[in-house]
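Visitor: How does the following fold in three dimensions:
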Amino acid sequence: MEGFEANSVMLRLRHLKENLEELDREFGRLAVNAQVAGQVQRADLDIVQTNIRSSLVASTALWNAFKNQFERHHLRW
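Guide: The predicted structure follows:
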């Protein structure tokens, strides 16, 4: 009976080890996925910030051109 119990314990330990190894692999995959998602999110944020800056530059240039045309015709605000 003791031999059977020892084999049963060894079998459970082996299954636990295999499950832990699988969990470790899955955790590694999840960590990589989270890292990639974070990089994508930062890239998206950079794109949005660049678009905002470009929009501000364009609107400033448009405003200055409008103002110059207005002043060229000697008009006042």
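
Visitor: okay, and for the protein, where does confidence drop off?
Guide: 1, 75-77 (pLDDT under 70).

Visitor: Tell me which stretches of it form helices.
Guide: Secondary structure of the chain by DSSP state H: the helices cover 2-72.

Visitor: Centroid-nearest residue for it?
Guide: The chain has Gly38 as the residue nearest its centroid, 2.3 Å off, counting by CA atoms, centre = their mean.

Visitor: so how far is Thr50 from that one?
Guide: Counting by CB to CB, to the nearest Å, the gap from Gly38 to Thr50 is 19 Å. C-beta here means a position set from N, CA and C on the backbone, and glycine is covered the same way.

Visitor: Same question for His15.
Guide: To Thr50, His15 is 52 Å away according to CB to CB.

Visitor: neighbours of Leu16, just the number please.
Guide: 10 (other CB atoms under 10 Å).

Visitor: Check Ala61 too.
Guide: 10.

Visitor: What of Ala58?
Guide: Neighbours around Ala58, by other CB under 10 Å: 10.

Visitor: Over to Ala31?
Guide: 10.

Visitor: repeat for the one 5 residues further on
Guide: Residues within reach of Val36, counting by other CB under 10 Å, total 10.

Visitor: which ones are touching it?
Guide: Residues near Val36 by CB atoms under 8 Å, 6 or more residues apart in numbering: none.
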